[in-house]
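Asker: Need coordinates for the following:
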Amino acid sequence: MKNFLKMVLAVICGILLLNLLIVAVFSGLATPSKPTVPAEGVLRIDMSKIVISEQTQEADPLSMIQAGGQTVKVIGIWDATQALKAAAEDPGIKYIYLKTDGNTTPLALADEFRQALDEYRQVSGNPVISYIESPTTGSYYLASVADKVYMSPHPGGMYSINGISSQMFFLGDLLKKLGVNVQLIRHGKYKSAGEMYTRGSSSPENREQYQCMVNSLWDNVAAGIAERRGISVAQLNDAIDNLKLCLPQDFVDCGLVDALLNREELEDQVAVLAVADNYDKVTMINFADYAEAKATVSKASQRIAVIYADGEIVDGSDANNVSGDRFASIIEGVRKDKKVKAVVLRVNSPGGSVVASDKIKHELDLLKEEKPLVASYGSMAASGGYWISNNCEKIFSSPYTLTGSIGVFGAVPEFSKTASDVLHVGVETVTSNKHGDMMSMTRPFDKDEYNYVLRSIEDIYDNFITIVSEGREIPKAEVDAIGQGRVWSGRDALGIKLVDEFGTLNDAIAYAAGLAGDENLANWNVKAYPAPLTVMEQMMNAMNGKQEDYTVRIARNLKEPKVFARIPVEIRLQ
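Answerer: Here you go, the predicted structure:
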């Protein structure tokens, strides 16, 4: 009887959960109506409630349930910047109130958004004011674009404007203890992605490239802050290096904040700028709602296709990444679509599979023979990401893009000592041919086998630098010198001709329109390929466990022999 009651209770709970899931699905699948926004008010941008991404995504019902109905809205950079352009021409928008605490937008995208905020100021003539409580380097960089930066006077905030740093993790010693021998074959002394499996600390070359990247990124951030705040970079570095930014008043004294305002004082200032009697009379317009309301589908017949290569380059047809077969098919469809007159390839990828990269590049080369093809770089366009895009007619990059990484590596783990010394398992292999078990991962390569894999790596590297030499019209020896797997910031890449100029996605689309013969974007239908995942697709991926973080990918990459054209770096600035 007791077991029967348990079973009944379990069935009831299952039915309730199923009903909740069905409600969530149909709520998400219902065609949403555009939000209605007030005709007049202050445009409020709270970066803790939104994240700027490559493409706008619908809210995932499962995530909403987990978060109690409170989710961060994902707004694509094109939609976000178009909304700010609309706001600049909208007489109902009195000014922008920007709150940057909780910002999680990647630095390259935050910079594009920051530029759009600055353009709003210049075009509209209206101010942007920002308010911070616990600033970080990333959140303050975004806030510093404002005409006035205000800060909470209350003590105890977490102030972490400390510059930019990145950590490298090395598993070599741990893997050796477990008996795992990762056989690393690479071309490029800076191609350090495999080092994490073989070393306990960084190689001098890897340390050098990390330091150069971090310095370059910080130089841009510091220059941007200093310019808007009317201080020198030296003054900013002095305040940070000597830990002068400890208390709220320190930010005022160092010129980073205009005034300390508590909630009541801030509300009074907001009301004054809005020309309202008091704060209660001020109408706040939510930025996410405004962006959605202003997003329109153009009725123009001629199209500019924006192909979003966003994610790791993988084999097959995986919907969550830049999968070779899927993207080759998408690009072929764009090429054959007579309505598409020009194409922008938006790259935000660390690279990945060589085979998939080459499939994608092949289709892009065919497309370029028929239509203008322009590249726009997001946070990363490295290794395989650079492989697929270097032949575009023009490359627009952010100073904060991580690019280059022209190199190749293969990682082949073998577990013979794990089996014998750790697990005490004996392994015997019977093969028909001399090297039949070379990829079995149960023994190390012999000399001939190592050279066999090395030959493939060297051939891929030679092919890579040839592709770049032809695509960028740089002598092959020069490509080899700046290659070697080295990762460059967009700022440094401009000086060595890996990119053509600094520019945003908007700039790339405008340039593509000009190449297609009509510079007026109002006459174009800008269409995204592939379309963002629907609510149902997101839910299916979540239930199938297809969302992976970096550490999971590390473990997956060790499961089988692979050859990669992938960046070794992931830098996040909060």
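
Asker: Could you use CA atoms for every contact and neighbour count after this?
Answerer: OK.

Asker: Poorly predicted segments of the stretch 301-450 of the chain, please.
Answerer: Scanning the stretch 301-450 of the chain for pLDDT under 70 picks out no residues.

Asker: which residue is nearest the centroid of this structure?
Answerer: The residue lying closest to the centre of the chain (Cα atoms, centre = their mean) is residue 379, at 4.8 Å.

Asker: What's the end-to-end length of stretch 226-242?
Answerer: One end of stretch 226-242 sits 17 Å from the other (Cα to Cα, to the nearest Å).

Asker: Equivalent analysis for stretch 227-237, please.
Answerer: 14 Å.

Asker: Stretch 114-130: which residues count as buried?
Answerer: 114-121, 124, 126-130 (16 or more other Cα atoms under 10 Å).

Asker: what does stretch 393-400 give?
Answerer: Across stretch 393-400, burial judged by 16+ other Cα under 10 Å covers 393-400.

Asker: Please save the CA atoms from the helix or strand hosting residue 293 in CSV.
Answerer: Assigned by DSSP states H and E, residue 293 belongs to helix 287-294. Taking C-alpha atoms only, helix 287-294 is exported to CSV below (Å, rounded to 0.1, in the frame of the first residue of the first chain):
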residue,chain,number,x,y,z
PHE,A,287,15.0,49.8,-23.7
ALA,A,288,14.2,46.1,-24.5
ASP,A,289,10.5,47.1,-25.2
TYR,A,290,11.6,50.1,-27.2
ALA,A,291,14.0,48.0,-29.3
GLU,A,292,11.3,45.4,-30.0
ALA,A,293,8.7,48.0,-30.8
LYS,A,294,11.0,49.8,-33.3
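
Asker: After that helix, which helix or strand is next?
Answerer: Next in sequence after helix 287-294, counting helices and strands by DSSP H and E, comes strand 303-310.

Asker: State the paired neighbours of that next one in the sheet, together with their directions.
Answerer: strand 340-349 (parallel), strand 525-529 (parallel) (DSSP bridges).

Asker: follow-up on the earlier one: ok, and for the helix holding residue 293, which residues are buried?
Answerer: 287-288, 290-292, 294.

Asker: if we can go back for a sec, nearest to residue 248, of the buried residues of stretch 393-400?
Answerer: Residue 248 has its nearest neighbour among the buried residues of stretch 393-400 in residue 400, at 28.9 Å by Cα to Cα.

Asker: can you tell me which residues contact the closest one?
Answerer: Contact analysis of residue 400 by Cα atoms under 8 Å, 6 or more residues apart in numbering lists 107-108, 217, 220, 379, 489-491.

Asker: Narrow those residues to those in helices?
Answerer: Among the contacts of residue 400, the ones falling in helices (DSSP state H) are 107-108, 217, 220, 490-491.

Asker: mind giving me TSV with the residues you listed and columns for distance to residue 183, pLDDT and neighbour count?
Answerer: Listed next are these as TSV, based on distance: Cα to Cα, whole Å; pLDDT from 0 to 100; neighbours: other Cα atoms under 10 Å:
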residue	distance to residue 183	pLDDT	neighbour count
107	35	96	25
108	35	97	23
217	33	97	23
220	38	97	14
490	32	97	31
491	34	97	23
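
Asker: For the helix holding residue 293, the averaged confidence score.
Answerer: Summarised as a single mean, pLDDT over helix 287-294 is 96.

Asker: same question, stretch 36-43
Answerer: 95.

Asker: so residue 394 touches residue 500, yeah?
Answerer: Yes. Here residue 394 reaches residue 500: they are 6.2 Å apart, a contact under Cα atoms under 8 Å.

Asker: Quickly list what's touching both of the two.
Answerer: Residues touching both residue 394 and residue 500 (Cα under 8 Å, 6+ apart): none.

Asker: Just send the ones in helices among the contacts of residue 400 back as JSON lines, with distance to residue 185 too.
Answerer: Compiled in JSON lines, the ones in helices among the contacts of residue 400 are given as follows (distance: Cα to Cα, whole Å):
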{"residue": "107", "distance to residue 185": "32"}
{"residue": "108", "distance to residue 185": "32"}
{"residue": "217", "distance to residue 185": "30"}
{"residue": "220", "distance to residue 185": "35"}
{"residue": "490", "distance to residue 185": "28"}
{"residue": "491", "distance to residue 185": "30"}
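
Asker: farthest pair in the residues you listed?
Answerer: Greatest spatial distance in the ones in helices among the contacts of residue 400: 107 and 491, 13.5 Å, computed using Cα to Cα.

Asker: give me every residue that touches the residue nearest to the centre of the chain.
Answerer: Counting by Cα under 8 Å, 6+ apart, residue 379 touches 106-109, 348-349, 398, 400-402.

Asker: if you set the cut-off to 7 Å instead, what comes out?
Answerer: 108-109, 348, 400-402 (Cα atoms under 7 Å, 6 or more residues apart in numbering).
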